[in-house]
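Novice: Generate a structure from the sequence data that follows.
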Amino acid sequence: LPRFTENILFSMNWDDIIYVSLLVSSIGFGHLYVHLPVGSARRWVGTCVGLIIMTVVSGIHTLHPLLVSVINLLILQFVSKRWCHVVSLVVSFSYLLMFRLCSYIGLPDPPGHTNAIQMMMTLKLVGVCFEVHDTWQLKKDIKKSTEVLATSPPATNSDSKTTKPEDQVETTDGTELRKRDVKSDEGETVTRSKPAPKSPEELHEDLQLRLKYEAVEPSALDVMHYVFNYCGILTGPYYKYRVYSDMVEGVSGGKQLVTWWWCMQRLRYLPLYGVLFLLSSHFFPLQFAESTTIFSDYNIMYRIAYMTPVFFTFRMRLYSGFVLSECVCIMAGLGAYPSDSKPKPGKGPTLYKQLESSDDRSNESYNYETVHNIDEYGADFTATVREGMRCWNMTVQYWLATNIYKRMAAPKPLKEAVTMLVSAYWHGMYTGYYLSLLTVPFILMIEDYYARLIRRKLAEKGTRIYDWVTWFLKMQWFAYMGMAFLLLRVDTTLTYWRSIGFVGHGLILVLHAFAQFVNLVYGKAQFKLKKASETAFGKDSRLKVKSIPELEKQVKEERRLKLLAAAAKKEE
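Specialist: Just a heads-up that it's a prediction; the model follows:
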């Protein structure tokens, strides 16, 4: 047993040891950092510690983050706020390409940890430019709203006291919803709710709240403090400039907040992840998937099965790293907001009215959802690839959704494909990233199609069975794509995928073909049903039938009513 334990421990990657050591040290330092005075002390100490960490792992390559930061400062200074976010996105991602091609232009290759730092630096710098642009746009919207209010007639007292419609209800978070009846695909009447329309005064108030809690106007020095702060400098999580500003100015958090308690809550399962990672990586090493032995001595079923423990090792490694990264932010007090403000990963609070209260809050009334980067349970046990991906690297997912996906005016499948392409580009230049992430949009289309075609037509028991089947497929697809993400090179990835018959892509094609067949048969059946219904009841009939047995039942009932009517007429 001692020899076995020694072999496992000494098989750890040296980069992982450095990474874990720096994260643990940063967690410990956070206990001192959170007690620093707000303002300049937190800014300068956080920046100095971040620069020390960067210099330790990067050495002379620290010049890359410094250079790209200076470039973005020039963009913020000299480019119009209307376009600064677009220019920053193009320039920063172009520099990321040059950074990864250093060896091709005569520069020394940066170490792996510097690549991780450069990745997070790129998101932060582009993100702060988007925040500056959005602040500019928000001020324009407020100006227009003010003009609308000035030209519209003032609301009378009787208007303000008007009772709400009976179909309008108020939720626990203060959002007013209006009920409405809609027709489902099956012809059934379903009651749904949507936000009630707001008056111009309410819209103006919402804009003012957004300006108060979202607006940023950072100086050049503020931006440097933000991007070089030690929280998240290695591998995240990503957080907005406004979240950082709230932390250093003492806006987030409170006197009753106990950071170490929250840190311990997050660390509960870390020992389990660490032990499982060491065991799994020892018994199922990734290197074996690249060896000739697995192709010559083992059959296709073994190679398909081997993907699952390799992906399990990958998950345990990421879970451990993400949890430690979150704890660095937690101990520093970064991202602590009241729970009733509904914070979201990367963004911060979303219900700003809840922040208006100045009452003292208990420790338990806060949460760190803003820096929550991985939902381990959701990643493992949600039923679909779409839901599972939302639980991975959630703060970066927020960045991609806010700054890429939602900014495009295009069909949903195209937006998903472009977002995955940007994600693959951000991860690196290896072909494996593109082969892996660009498979995702096709899987999402299949999942959405089957959800419309089959799942929503099932009863409760059928839905549970359907979800178990899709969960199994999700984990197999994740393992299949994970091999490309880990093997990285195009030759090793395609060699392994070819040895298992490209089963992941083949499954997509089979499911798509089956869905088209079912849709064709179902469409013909619905057409025949409609014709039979029109024959039995006439084209103007409002009767809706779902199946042939139901149609026969309605025909018999119609005949019975006609016979009764004829008998009654005869008696008269």
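
Novice: rest of the way, CA atoms for contacts and neighbours
Specialist: Will do.

Novice: Check the offset of stretch 47-58 from the chain's centre.
Specialist: Distance of stretch 47-58 from its chain centroid, counting by CA atoms, centre = their mean, to the nearest Å, is 29 Å.

Novice: which of the residues in that stretch are buried?
Specialist: 47-51, 53-54, 57-58 (16 or more other CA atoms under 10 Å).

Novice: a markdown table for these, including distance to residue 391, pLDDT and secondary structure?
Specialist: Putting those into a markdown table (distance: CA to CA, whole Å; pLDDT from 0 to 100; DSSP: H, G, I helix; E, B strand; the rest coil) gives the following:
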| residue | distance to residue 391 | pLDDT | secondary structure |
| --- | --- | --- | --- |
| 47 | 30 | 96 | helix |
| 48 | 32 | 96 | helix |
| 49 | 30 | 96 | helix |
| 50 | 27 | 96 | helix |
| 51 | 30 | 96 | helix |
| 53 | 28 | 94 | helix |
| 54 | 28 | 94 | helix |
| 57 | 29 | 90 | helix |
| 58 | 30 | 90 | helix |
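
Novice: Now tabulate those in TSV and tack on distance to residue 370.
Specialist: Shown next, in TSV, are those (distance: CA to CA, whole Å):
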residue	distance to residue 370
47	21
48	24
49	22
50	20
51	24
53	23
54	24
57	27
58	28
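
Novice: What is the nearest of these to residue 202?
Specialist: In terms of CA to CA, no member of those lies closer to residue 202 than residue 47, at 40.3 Å.

Novice: longest single helix anywhere in the protein?
Specialist: Determined from DSSP state H, the single longest helix within the chain is helix 112-151.

Novice: what's the closest non-adjacent residue to residue 397?
Specialist: Closest residue in space to residue 397, ignoring its immediate chain neighbours: residue 390 at 7.1 Å, by CA to CA, 6 or more residues apart in numbering.

Novice: and the one you found, how many residues sit next to it?
Specialist: Residue 390 has 17 neighbours, counted by other CA atoms under 10 Å.

Novice: same question, residue 132
Specialist: 22.

Novice: if I look at residue 36, how far off is residue 52?
Specialist: Separation of residue 36 from residue 52 (CA to CA, to the nearest Å) stands at 19 Å.

Novice: ok, now residue 142?
Specialist: Distance from residue 142 to residue 52, counting by CA to CA: 42 Å.

Novice: swap in residue 435?
Specialist: Distance of residue 435 to residue 52, computed by CA to CA: 36 Å.

Novice: The residue nearest to residue 397 and residue 287: what is the separation?
Specialist: Distance from residue 390 to residue 287, counting by CA to CA: 29 Å.

Novice: Show me what counts as buried in the longest helix of the chain.
Specialist: For helix 112-151, by 16+ other CA under 10 Å, it's 113-115, 117-136, 138-139, 142, 145.

Novice: ditto for stretch 487-507
Specialist: If you call a residue buried by 16+ other CA under 10 Å, then stretch 487-507 has these buried ones: 487-489, 492-497, 499-500, 503-505.

Novice: what mean pLDDT would you report for that stretch?
Specialist: On average, the pLDDT along stretch 487-507 is 95.

Novice: for stretch 84-99, same thing?
Specialist: Across stretch 84-99, pLDDT averages out at 96.

Novice: With stretch 402-413 instead?
Specialist: Taken as a whole, stretch 402-413 carries a mean pLDDT of 92.

Novice: With stretch 307-315 instead?
Specialist: If you average the pLDDT over stretch 307-315, you get 96.

Novice: Output that stretch as PDB, nothing but the C-alphas.
Specialist: Output in PDB follows, covering the C-alpha atoms of stretch 307-315 (Å, rounded to 0.1, in the frame of the first residue of the first chain):
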ATOM      1  CA  MET A 307     -13.500   7.000 -22.800                       C
ATOM      2  CA  THR A 308     -15.700   7.000 -19.700                       C
ATOM      3  CA  PRO A 309     -13.000   6.700 -17.000                       C
ATOM      4  CA  VAL A 310     -10.700   9.100 -18.900                       C
ATOM      5  CA  PHE A 311     -13.500  11.700 -19.000                       C
ATOM      6  CA  PHE A 312     -14.100  11.000 -15.300                       C
ATOM      7  CA  THR A 313     -10.500  11.800 -14.500                       C
ATOM      8  CA  PHE A 314     -10.800  15.000 -16.500                       C
ATOM      9  CA  ARG A 315     -13.900  16.000 -14.600                       C
END
